[in-house]
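Undergrad: Kindly return the folded structure for what I paste below:
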Amino acid sequence: MNTLRGMEVFVAVVEAGSFSEAAKRLDISSVSVGKVVAQMETRLQARLLQRNTRRQTLTEAGSAWYQESLQVLGALRGAEQRIESLRRFPAGSLRISSSTTLGSCIIAELCTAFQQAFPDVLIELELSDRFVDVIAEGYDFAFRVGELAADTPWVARRIGEYRMVIAASPAYLEQFGVPTSLAQLAEHRCLRYSHWNKRNAWRSGDHLIWPENATFLCNDGQALRQAALAGAGLVLQPHLLLAEDIADGKLVTVLNDALPPPRPVHLLWNQDRHITAKHQSFVNWVADHAPQALQ
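TA: Here you go, the predicted model:
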């Protein structure tokens, strides 16, 4: 016998006052009601109801079981309502992964705006340039730059493009000249992101764009930006990181026509994850706002 169903039937009998009225409420037969109550008494090894031709009364055990049943069924209804609320209204926590530069320049602001729209959602944003395992490390979403493998196990939504630029301060270009080809970069002072390697570095055809013999290496895009602003050399970094400096004339772009096409940016999530309101709302929010932010 299903205990929860038995509790539900027993509570209906007590509150309706008879088997027949309880049967009407539950849309089952009086015989079925009687069988459930009998099975409950057998399982508990206690009589729950005293019945005669005129009325029924609760025994001491029946009264205790009625109160316990009310609490259990009330807790179950409360749990169901909370789950329904999670399904319908964005609430709970979201754990999100992004690369450092993309995350600090774009994703953090997107997440902040999303949380302002849905204040019951807790955001945990981790910025790292390592390749995280979305499932094993418990992330709800990950933002990835670059083409995805054809057999990727994730659901992927393309949200924009990641465009690179080569830039330097006006003072540097005045002192060392403006390169007119990628080959001339080897003759310049170049600032290099230290995590680039032959697998993930930016290429023009089969050739690496950026010289490996850079004069300044760092594992942080913001630090490379500051070095470029100080006149230390040419820098290859995402446009979204340098856009404000370029607009203000603090940095000047070069070799714009020689750069490779932008890389796609995707939002990834586990295809086996049950999509709740918070997940669907975040996907919709990113799809609506990220393309403009990534221009």
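Undergrad: make it CA atoms for all contacts and neighbour counts henceforth
TA: Will do.
Undergrad: So, low pLDDT: which residues of the stretch 51-200 of the chain?
TA: Scanning the stretch 51-200 of the chain for pLDDT under 70 picks out 53, 80-89, 197-200.
Undergrad: repeat that for 90
TA: 51-92, 128-138, 146-155, 182-183, 185-186, 192-200 (pLDDT under 90).
Undergrad: all helices of it, in order?
TA: 60-88, 100-102, 108-117, 170-176 (DSSP state H, counting those that start in this stretch).
Undergrad: Point out the most buried one among these.
TA: helix 100-102 (a mean of 20; mean count of other C-alpha atoms under 10 Å).
Undergrad: from the chain's centre, how far out does it sit?
TA: 16 Å (C-alpha atoms, centre = their mean, to the nearest Å).
Undergrad: helices or strands up against that helix?
TA: Counting contacts by 3 or more C-alpha pairs under 8 Å, 6 or more residues apart in numbering; DSSP states H and E, helix 100-102 is packed against no other helix or strand.
Undergrad: Would you format the helices of the stretch 51-200 of the chain as TSV with distance to residue 284 included?
TA: Below are the helices of the stretch 51-200 of the chain laid out as TSV (distance: least, C-alpha to C-alpha, whole Å):
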stretch	distance to residue 284
helix 60-88	14
helix 100-102	19
helix 108-117	10
helix 170-176	41
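Undergrad: of all those helices, which lies closest to residue 142?
TA: Closest to residue 142 of those, according to C-alpha to C-alpha: helix 100-102, at 11.5 Å.
Undergrad: residues making contact with the closest one?
TA: 127-129, 220-222, 240-241 (C-alpha atoms under 8 Å, 6 or more residues apart in numbering).
Undergrad: Most neighbours among those, please name it.
TA: Tallying neighbours with other C-alpha atoms under 10 Å puts residue 221 at the head of the contacts of helix 100-102, with 21 neighbours.
Undergrad: so what's that one closest to, chain neighbours aside?
TA: Excluding the flanking residues, the one nearest residue 221 by C-alpha to C-alpha, 6 or more residues apart in numbering is residue 101, at 6.4 Å.
Undergrad: State the distance from that neighbour to residue 290.
TA: 15 Å (C-alpha to C-alpha, to the nearest Å).
Undergrad: Residue 216 now?
TA: 32 Å.
Undergrad: Settle it for me: which of the two has more neighbours?
TA: Per other C-alpha under 10 Å, whichever of residue 216 and residue 290 has more neighbours is residue 290, with 20 against 17.
Undergrad: Give me the spatial nearest neighbour of the more buried one, chain neighbours excluded.
TA: Per C-alpha to C-alpha, 6+ apart, closest to residue 290 is residue 159, 6.0 Å.
Undergrad: That neighbour contacts residue 265, correct?
TA: Yes - between residue 159 and residue 265 there is a contact at 5.8 Å, judged by C-alpha atoms under 8 Å.
Undergrad: Could you check which of those two is surrounded by more residues?
TA: Taking neighbours as other C-alpha under 10 Å, residue 159 and residue 265 compare with residue 265 leading, 23 against 20.
Undergrad: Helix, strand, or coil at that one?
TA: strand (DSSP: H, G, I helix; E, B strand; the rest coil).
Undergrad: Wait, it touches residue 148, no?
TA: No - using C-alpha under 8 Å, residue 265 makes no contact with residue 148, being 9.7 Å away.
Undergrad: Spit out the contact partners of the nearest residue to residue 120 once chain neighbours are set aside.
TA: Once flanking residues are discounted, residue 120 sits nearest to residue 91: 4.8 Å by C-alpha to C-alpha, 6+ apart. Applying C-alpha under 8 Å, 6+ apart to residue 91 gives the contacts 118-122, 277-278.
Undergrad: In ChimeraX, select just the buried ones from those residues.
TA: To isolate the buried subset of the contacts of residue 91 in ChimeraX, counting by 16 or more other C-alpha atoms under 10 Å, use the following:
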select :118,121,277,278
